[in-house]
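Provided below for reference: sequence and predicted model.
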Amino acid sequence: MAWSQKETISRSEMQALQLAGLQKTVSYVYERNSYYRQKLDGLGVKPSDIKSLDDIKLLPFTTKQDLRDNYPFKLFSASPKEIVEYHATSGTTGKPIAVGYTREDLEIWSESMARTCAGAGITSDDVVQNIFGYGLFTGGLGAHYGAIRVGAGVIPISGGNTQKQIMLMQDFGTTALTSTPSFLVHIHEVGEQMGVDFRKLKLKTAICGAEPWSESMRQSIQEKFGIKVCDIYGLSEITGPGVSFECREEQNGLHVNEDFFYPEIIDPDSGEVLPAGSEGELVFTTINKYGQPLLRYRTRDISSLSYETCSCGRTLVKMARVTGRSDDMLIIRGVNVYPSQIEAVILKRQGVSPHYMVIVERKGAMDSLRVKVEVTEDFMVKAAADILKGDEFDILEDVSAVRSKKHNLQHDIKEVIGISVGIQLVPPGSIPRSEGKAKRVEDRRPK
Ligand code: DLL
């Protein structure tokens with residue numbers, strides 16, 4: 001059931017709320033933030049020019065680079081006194097991006113996450129093991145606030161500690177998990193070695209997100225744990241987790257908390273706004289935030305929007321599962337390739353595990369793709385356990401099971417992405433595990 005009455009209001013009521021929120025936000029940033037005032041003045045736009053939702057097109061985009069250039073706090077519109085919590089992105093290079101929340105911002109974040117928990121069926125009867133990392137990453141505290149708001153009991157274990165995770169699931173009677181999908185796969189793997197049958201525990205739900213993942217990965221986690229798994233999307237710049245969430249009823253697309261975060265889809269090259277249903281880059285304008293409100297923030301995430309009604313009763317617009325980022329998208333010999341397409345193929349196959357790494361290399365002038373995939377213990381035993389000595393299976397090229405496994409994977413991946421890939425089968429456990437977001441791509445091409 002929907003948590004808030006706002007989730008089921010009519011389109012015209014929603015648009016009225018959104019317009020009021022947009023007008024308030026544009027006036028607020030114009031008055032309080034010199035960066036935005038200069039931008040708007042440069043474009044000759046005054047807050048009073050925003051008369052309809054369509055006028056959002058008059059506003060400038062904000063990019064990650066703008067946030068970097070204004071690090072740490074120049075895009076804050078609230079005074080330091082009003083900020084009550086700080087977070088930062090986990091950028092791998094250089095300075096992170098800082099974000100700040102006022103009390104009101106924490107309120108809408110908690111509300112967004114309460115809707116997310118309710119969407120996945122979490123209530124005050126649940127014990128939520130919160131595996132998202134606590135700290136500067138927004139996952140831990142965001143899920144914490146939402147679970148508390150719906151009255152569930154939270155175990156704030158954070159990431160890592162795989163064996164302890166399993167122990168607490170057993171001892172505390174955990175019923176719901178919040179985690180990156182890749183870490184749940186890892187927990188299952190470790191538990192299996194310990195002889196744990198997760199299907200016999202009290203678990204019933206998980207909310208997974210923070211990284212691109214596929215429908216096949218969802219099916220696999222549901223099957224392994226005997227639970228229902230809902231997708232959750234968000235980004236630090238906009239609020240953290242809870243920008244959008246899946247409902248348990250349909251598990252097909254994520255309802256955007258659009259009374260707080262106004263979504264658009266644009267063509268990533270031209271910046272032109274695309275009609276509902278078109279795939280493109282997601283852009284959000286925060287229309288109810290005070291700490292660091294952002295106008296038309298370009299997420300680089302690829303999705304589409306659907307205004308069709310959902311059987312769960314929510315009228316909140318749905319965004320399609322994020323298949324990749326416009327900037328992480330690999331371009332191999334002119335073809336756009338998303339790692340999640342490769343993952344979907346791997347997950348459908350017996351004998352290989354969901355642990356993989358896509359390696360991009362340049363040989364001469366040609367880019368090539370290699371996919372390193374772990375085989376399962378079972379496969380290894382059947383195929384070649386007795387003669388395996390090195391750390392790769394290529395020495396076993398003559399073993400027909402290995403040859404046909406490689407051939408089949410190669411064939412199926414080519415069918416989906418349209419280009420040939422090399423397959424390298426590696427023993428179980430040889431691809432590094434991540435306790436947070438998984439690293440799936442190694443781009444070795446010279447920059
Ligand atoms: O990952 C916030 C979050 C925490 C979301 C917990 C969901 C759950 P950042 O670290 O700023 O924030 O990373 C944001 O992660 O722009 C997407 O590229 C990616 N991402 C997040 N959720 C999903 C998802 C958090 N469900 C970036 N599917 C975003 C695909 C996702 N990608």
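Sure, I can see it. Numbering: from 1, shown residues only.

Quickly find the element holding the closest residue to the ligand within the stretch 51-200 of the chain.
As assessed by CB to the nearest ligand atom, the ligand sits closest to G139 within the stretch 51-200 of the chain, at 3.4 Å. Bear in mind the C-beta positions are built from the backbone N, C-alpha and C, glycine included. Using DSSP states H and E, G139 sits within helix 138-149.

helix or strand right after that helix?
Next along from helix 138-149, by DSSP H and E: strand 153-155.

interface residues of the chain facing the ligand?
Applying CB under 6 Å from any ligand atom, one finds that the chain approaches the ligand through 89-90, 132, 138-139, 209-212, 231-236, 240-241, 299, 301, 322, 325.

could you pull out the strands for the stretch 251-400 of the chain?
Counting by DSSP state E, counting those that start in this stretch, the stretch 251-400 of the chain has these strands, from start to end: 254-256, 261-266, 280-286, 297-303, 305-306, 318-319, 330-332, 335-337, 352-363, 366-375.

Same list (those strands) but as a markdown table, adding distance to G100, mean pLDDT and mean neighbour count.
Shown next, in a markdown table, are the strands of the stretch 251-400 of the chain (distance: least, CB to CB, whole Å; pLDDT from 0 to 100; neighbours: other CB atoms under 10 Å):
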| stretch | distance to G100 | mean pLDDT | mean neighbour count |
| --- | --- | --- | --- |
| strand 254-256 | 23 | 98 | 24 |
| strand 261-266 | 17 | 98 | 21 |
| strand 280-286 | 13 | 97 | 25 |
| strand 297-303 | 15 | 95 | 22 |
| strand 305-306 | 28 | 98 | 18 |
| strand 318-319 | 26 | 98 | 22 |
| strand 330-332 | 34 | 81 | 16 |
| strand 335-337 | 36 | 78 | 16 |
| strand 352-363 | 36 | 91 | 18 |
| strand 366-375 | 40 | 91 | 19 |
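
would you list those in JSON lines and tack on distance to K64?
Shown next, in JSON lines, are the strands of the stretch 251-400 of the chain (distance: least, CB to CB, whole Å):
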{"stretch": "strand 254-256", "distance to K64": "20"}
{"stretch": "strand 261-266", "distance to K64": "15"}
{"stretch": "strand 280-286", "distance to K64": "12"}
{"stretch": "strand 297-303", "distance to K64": "7"}
{"stretch": "strand 305-306", "distance to K64": "22"}
{"stretch": "strand 318-319", "distance to K64": "19"}
{"stretch": "strand 330-332", "distance to K64": "19"}
{"stretch": "strand 335-337", "distance to K64": "20"}
{"stretch": "strand 352-363", "distance to K64": "22"}
{"stretch": "strand 366-375", "distance to K64": "25"}
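
nearest to G159, of those strands?
Among the strands of the stretch 251-400 of the chain, strand 352-363 comes nearest to G159, with 17.1 Å by CB to CB.

Give the partner strands of the closest one in its sheet and their orientations.
strand 366-375 (antiparallel), strand 441-443 (parallel) (DSSP bridges).

Which residue comes closest to Y30 once chain neighbours are left out?
Spatially, and ignoring its direct neighbours in sequence, Y30 is nearest to P47 (5.0 Å; CB to CB, 6 or more residues apart in numbering).

hang on, the earlier thing: may I see the strands paired with strand 352-363 organised as CSV, with distance to K81 added?
Listed next are the strands paired with strand 352-363 as CSV, based on distance: least, CB to CB, whole Å:
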stretch, distance to K81
strand 366-375, 51
strand 441-443, 42
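
quick one: low-confidence parts of the stretch 101-250 of the chain?
By pLDDT under 70, the stretch 101-250 of the chain has no low-scoring segment.

what ranges do the helices span in it?
103-119, 138-149, 162-171, 181-193, 215-225 (DSSP state H, counting those that start in this stretch).

Buried ones in the fourth one, by neighbour count?
Put plainly, it is helix 181-193. P181, S182, F183, L184, V185, H186, I187, H188, E189, G191 (16 or more other CB atoms under 10 Å).

and the angle for it with helix 215-225?
Helix 181-193 runs at 30 degrees relative to helix 215-225, counting by axes from the mean of the first three to the mean of the last three CA atoms, to 10 degrees.

One more: the shortest one?
The directions of helix 162-171 and helix 215-225 differ by 60 degrees, with the same axes, to 10 degrees as the criterion.

cool, and the first one?
Helix 103-119 and helix 215-225 are oriented at 70 degrees to each other (the same axes, to 10 degrees).

and helix 103-119, what does it pack onto?
strand 83-88, helix 138-149, strand 240-246 (3 or more CB pairs under 8 Å, 6 or more residues apart in numbering; DSSP states H and E).

go again using 6 Å as the cut-off
helix 138-149, strand 240-246 (3 or more CB pairs under 6 Å, 6 or more residues apart in numbering; DSSP states H and E).

among the ones you listed, which is the most enclosed?
For the helices and strands packed on helix 103-119, the largest average neighbour count (mean count of other CB atoms under 10 Å) is found in strand 240-246, namely a mean of 28.

Show me the contact partners of it.
By CB atoms under 6 Å, 6 or more residues apart in numbering, the surrounding residues in contact with strand 240-246 are 112-113, 116, 119, 138-139, 142, 230-234, 254-256, 261, 319.

and what of stretch 29-42?
P47, P60, N70, K74, L75, S77, P293.

Can you select the buried ones from these in PyMOL?
Buried residues within the contacts of stretch 29-42, by 16+ other CB under 10 Å, are selected in PyMOL with:
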select buried, resi 47+70+75+77+293
